[in-house]
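J.: I would like to see how this sequence folds:
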Amino acid sequence: LPTKSDVDVVIGLGAFYECASLSSYSTHRRGGMFGLDTSTITGINFDRVIEIGDYAFAGCETLTSVSLPVATIIGQYAFTNANSLSSVSLSAVESIGVGAFINTSLSSITLPNTIDYIGAGAFAGLGLTISFRGTLTSENLIIESLSDGNYVIYNTLGDGSYELVHYPINTTATSYSVKSGASSIGAFTFYGATNLIRLTLPASVKYIGHAAFYNCSALSTVVFSGSTAPALLAEYSSSSDELYCNFVDYASNVSGLTLYVGSDSVKSSFASNLNWASFFSTIKVSTSIDVEDPDATIESFQEAMEDF
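T.: Take a look at the predicted model:
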């Protein structure tokens, strides 16, 4: 790769995809990436790289460390399945794409105050401790601190609502209430949150992503205050069948989940929704739940965030 100090470098889409032996590389090596002998590489230090493309290092199974001092963008699934990756240094990153670090060995990461976007499931399935360097300047991210020092992270969407994109699966909390005004739970967001027992969803939630609560093995109760069932988003198999695994496991393997709603009419609506009924064998009405207008809850959350 170029070594001149005035050259900015972009690592493109899938550049090192499934380079199973890749474990280190530096922009200061002569000869660039062509003809690269990957057999003895132990880490990556890209001093001039400003962008890592989608899937760029996906499947680099022996990659152990990454240093990106000037990179501002990390693409979707950029390091997914880099199973040995345990150290990442970021100094200027602004955007981390969907699923960027799925199936790595990261146990902690420090994000700089430049961070402005984190894609859904960027750190899915990791018992990861996130910390922030300096005071965040982002007007896009909503950071919620939990009592044990972990963070829940929301992105602001174009319509002014919010998407929940990160839930810390290493938290000791056994219940969580999604913020009113959130319209979407991102794919893989709660993946592997095995301590979670009770989940409360506001009326504003309209979409629940693929595998959003997959492997939340202790989850038994979901409370929903809306009147319209959120859409459950699915993956597609090679046979084009929709595969739903939004809660705990694939729907055909799930039993024992209870859904609480606020009225008999809402109960009937959920019971007739085949996707929801396949996950929740028991749907109950609770008089303590006030059925809310989803648009109103989004507006109230926007007003609250103005003073956040």
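J.: in the stretch 51-200 of the chain, which spans are strands?
T.: Using DSSP state E, counting those that start in this stretch, the strands of the stretch 51-200 of the chain run over residues 65-68, 73-74, 87-90, 95-96, 108-112, 117-118, 129-133, 141-145, 151-156, 162-166, 175-177, 182-185, 198-201.
J.: least reliable of those going by mean pLDDT?
T.: Lowest mean pLDDT within those: strand 65-68, a mean of 91.
J.: chain center to that strand: distance?
T.: Remark: strand 65-68 is offset 21 Å from the chain centroid, using CA atoms, centre = their mean, to the nearest Å.
J.: Also stretch 199-216?
T.: For stretch 199-216 - counting by CA atoms, centre = their mean - the centre lies 12 Å from the chain centre.
J.: Check the separation of the first and last residues in that stretch.
T.: 11 Å (CA to CA, to the nearest Å).
J.: cool, and stretch 88-98?
T.: 17 Å.
J.: Buried ones in it, by neighbour count?
T.: Buried residues in stretch 88-98, counted by 16 or more other CB atoms under 10 Å: 88, 90, 93-98. Every residue, glycine included, has its C-beta placed from N, CA and C.
J.: again, but for stretch 258-271
T.: Of the residues in stretch 258-271, those buried (16+ other CB under 10 Å) are 259-262, 266-267, 269-270.
J.: do the same with stretch 208-225
T.: Result for stretch 208-225 [16+ other CB under 10 Å]: buried residues 208-216, 219, 221-225.
J.: re the thing from before, among the buried residues of stretch 258-271, which pair sits farthest apart?
T.: Distance extremes for the buried residues of stretch 258-271: the farthest pair is Tyr260 and Ser269 at 13.9 Å, using CB to CB.
J.: Against Thr156, how distant is Pro230?
T.: Distance of Pro230 to Thr156, given as CB to CB, to the nearest Å: 19 Å.
J.: Settle it for me: which of those two has more neighbours?
T.: Using other CB atoms under 10 Å, the more surrounded residue of Pro230 and Thr156 is Pro230, with 22 against 18.
J.: Can you flag which of the buried residues of stretch 258-271 belong to helices?
T.: Taking DSSP state H, the ones among the buried residues of stretch 258-271 that sit in helices are 266-267, 269-270.
J.: Tell me what Glu163 is bridged to.
T.: With DSSP bridges as the criterion, Glu163 is bridged to Asn155, Ser184.
J.: quick one, what contacts it?
T.: 120, 154-155, 157, 182-186 (CB atoms under 8 Å, 6 or more residues apart in numbering).
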